[in-house]
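# All I have is the shape, not the residue letters:
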């Protein structure tokens, strides 16, 4: 089992920056990657970014490239999503997830709301 807890969401104005955190605990040794996803009201959940744990490789959705940055603190078992130049269309519930070897994105956090006003 892997437990994930997000924090850092809030209500901000367009153009602002927010940093989300995802603290992982439990059996994290089998983690292939960790990612961020988001779901806006009335829309499907969509991929935002991921970090391949062993290699440090990162992948981003086209909509956030150049504005968002995913990173980690191995010692703290925590992943971050730095979100800059926020736009109203970035408004969503952001969730982190753990992709275990051979199992895909299996474990999810409870999500944190980010609201960007115009």
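Sure thing, it's come through. Please read these numbers as outputs of a predicted model, since none were measured by experiment.
# which residues touch residue 42?
Taking Cβ atoms under 8 Å, 6 or more residues apart in numbering, we find residue 42 in contact with no residue. C-beta here means a position set from N, CA and C on the backbone, and glycine is covered the same way.
# Need the three-state assignment for it.
With DSSP: H, G, I helix; E, B strand; the rest coil as the basis, the three-state label of residue 42 is coil.
# measure it to residue 116 for me?
Computed as Cβ to Cβ, to the nearest Å, the residue 42 to residue 116 distance reads 16 Å.
# what's the answer for residue 67, then?
For residue 67, the distance to residue 116 - Cβ to Cβ - is 12 Å.
# Could you confirm residue 59 falls within a strand?
Yes. Per three-state DSSP, residue 59 lies within a strand segment.
# Counting neighbours, what do you get for the closest residue to it other than its chain neighbours?
Using Cβ to Cβ, 6 or more residues apart in numbering and skipping residues adjacent in sequence, the residue nearest residue 59 is residue 50, 5.1 Å away. Residues contacting residue 50 under the criterion other Cβ atoms under 10 Å number 23.
# Now do the contacts for residue 50.
33-36, 58-59, 70, 99.
# Give me the sheet partners of the helix or strand hosting it and which way each runs.
Taking DSSP states H and E as the definition, one finds residue 50 inside strand 46-52. Using DSSP bridges, the strands paired with strand 46-52 are strand 31-39 (antiparallel), strand 58-60 (antiparallel).
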